[in-house]
Each structure stands twice: as C-alpha cells, then as structure tokens.
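Engineer: 3D model of this:
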Amino acid sequence: MIEIDDKIVSADLLRECFACDLGQCKGICCVEGNAGAPLDIEEVDVLEAEYPNYRPYMTAAGIAAVERQGFMVVDEEGDYTTPLVDDAQCAYAYEENGVTLCAIEKAWAEGRTEFRKPISCHLYPIRLVRFSNGGVGLNYHRWSVCASARECGKKRGVPVYKALKEPIIRRFGEEFYRALEAAEELLKN
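Structural biologist: Here you go, the predicted structure:
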C-alpha cells in the first residue's frame, strides 16, 4: 500500500497490467455482477437531470427499469448503485454490434451531456473504499470477465493506473496522477 495525501493506494495499481479489450469481452462488465455500478450520491441528481439527454440511447427494458426503480437503488450493503434489468444488465447499457456499451457515455460522446458516466464505471477496475476519517482507498478489483484486459495490458506493458489516467485525473486531479507516476518510479528502484 502507498499513501498519497488522504488516499491509500494498492501497489497493484502500479505493478499489475490492464487494458480494456472490448473486442474480446464485449462489455460484459455492464451485464454481469451481483449489483449495479456504485454511484456517488451527487451522481444520482446528475443522472436524473441528464436523463432526457441519454434516454434516447437506452433500451426499452432499461427505460422501464429506471422508471420502475428510480435512477439508483440501494444494494444489500447500503450503497447506491445503478438499477438493473432483470437483476443482470445495467439499466443504462445498450448493445451495438454485439458489444454492450453505456447510453450515458454515448450521449456524452455526441455532445448531448457533460456527464460522461458514473465515476465507478470510468475508474473500473479500480474500486474506491471510503474510510470513516474521510480518506479513500483505491483497490484493484480482479474479476474473471476482465481476463482479456489483463492479458492485453500485459502484452502492452500498461499498468492499471496508466490505463485509467483519464478517469483518475477526472476524480482526483493531475497532481494525484503525477504522484502515482512518482510512486511507480520508486517501486522500480
């Protein structure tokens, strides 16, 4: 573990490799699992406010799930998560050319919203843990559906944190990202 300000970072983010390989996994992370994607409470209001902008890209089943369950649900652990369709696929997911994608991100890519997607989705496979003292832990979540991403990352020599530069900066800022780079250098020596 590495401490940067009030953040505890798993060294695996610097040592392990990862690079999403949608051609292999087909976006299965948006379909499988035992709960929806984690949400920050602030994101719930954004999801509701931006709904008209990304709704056109959602499936009929996804729209029905949101209208029935709301823009978020509380999971078994008391955390806010995205609603699911039939306890499986994220309500905000849709399929295009055999790949499951995010309707919110599609609206963002087309300039219809400034909200890209929930930060937990953007940061995956990093999972955040909030501590009672206000600090945050960054852990590397290993999921079998991402085996091809680990292989792809290893072939390319891309550490987890470098594969996730954009979302890390989105959530924690450039200074924190530079601190991760410095920590990686220290680990090499």
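
Engineer: hey, let's count contacts and neighbours off CA atoms from now on
Structural biologist: Will do.

Engineer: Glu42: which element?
Structural biologist: helix 41-54 (DSSP states H and E).

Engineer: what does the average pLDDT come to for that helix?
Structural biologist: Averaging pLDDT along helix 41-54 yields 95.

Engineer: could you name the helices and strands sitting against that helix?
Structural biologist: helix 103-109 (3 or more C-alpha pairs under 8 Å, 6 or more residues apart in numbering; DSSP states H and E).

Engineer: helices or strands up against the helix or strand following the helix it packs on?
Structural biologist: As assigned by DSSP H and E, the chain's next helix or strand after helix 103-109 is helix 119-123. With contacts taken as 3+ C-alpha pairs under 8 Å, 6+ apart, helix 119-123 sits against strand 126-130, helix 165-172.

Engineer: and those: which comes nearest Arg178?
Structural biologist: Closest approach to Arg178 among these is made by helix 165-172 (9.5 Å; C-alpha to C-alpha).

Engineer: distance between the next helix or strand after that closest one and the chain's centre?
Structural biologist: Downstream of helix 165-172, the next assigned helix or strand under DSSP H and E is helix 174-188. Counting by C-alpha atoms, centre = their mean, to the nearest Å, helix 174-188 is centred 21 Å from the centre of its parent chain.

Engineer: buried ones in helix 174-188?
Structural biologist: 176-177, 180, 183-184 (16 or more other C-alpha atoms under 10 Å).

Engineer: stretch 105-123 now?
Structural biologist: 105-108, 113, 115-123.

Engineer: quick one: end-to-end distance for that stretch.
Structural biologist: Start to finish, the residues bounding stretch 105-123 are 14 Å apart (C-alpha to C-alpha, to the nearest Å).
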